[in-house]
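Visitor: build me a model from this:
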Amino acid sequence: MKQNTHPEYREVVFMDVQTGDKFVIGSTVTTRETIDLDGKTYPLFKCDVSSKSHPFYTGAQTRIVETGRVEKFRARFARTTGAAKTAG
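Guide: Next up is the predicted model:
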C-alpha cells in the first residue's frame, strides 16, 4: 500500500451511550478520547445506537407495531358503534 493515503486501521472501543455496553472492533474511525480496557489503552468512539439498544434487536419495535394495530382497531370500532347509535 502507498504511504499516507490510507487511514490508520486499528482496534477501537465502541461504547453504546444508552446501555453503556462496550465492544472492541477494528476500525478507521478517528477519535479524540481514549479508554483503558483490560489493561490496554484504546481509542474510544461513543455511538448512539448499537444492537444492544436498537428497537429492532431488543423487541421494542414489535410493541410499537402491536400498539398501532390496537389503535387502528379502536378507531374502526369507535366509528362502527358511533354509526350504530345514530341509526338506532
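Visitor: could you pull out the helices for the chain?
Guide: Counting by DSSP state H, the chain has helices at residues 55-58, 60-87.
Visitor: lowest average pLDDT across these?
Guide: The minimum mean pLDDT among these belongs to helix 55-58 (a mean of 63).
Visitor: for V17, grab phi and psi.
Guide: phi -70, psi -20 (degrees, to the nearest 10).
Visitor: just give me the neighbour total for it.
Guide: When neighbours are counted by other CB atoms under 10 Å, V17 registers 12. Where you see a C-beta, it was placed from the backbone N, CA and C, and this is true even at glycine.
Visitor: once you drop chain neighbours, what's closest to it?
Guide: Once flanking residues are discounted, V17 sits nearest to K46: 5.2 Å by CB to CB, 6 or more residues apart in numbering.
Visitor: what's across from that neighbour in the sheet?
Guide: The partner list for K46 in beta bridges (DSSP bridges) reads M15.
Visitor: how many neighbours does it have?
Guide: Neighbours of K46 under the rule other CB under 10 Å: 13.
Visitor: that one touches M15, doesn't it?
Guide: Yes: counting by CB atoms under 8 Å, K46 does reach M15; the two are 5.2 Å apart.
Visitor: can you tell me how far F73 sits from R79?
Guide: 11 Å (CB to CB, to the nearest Å).
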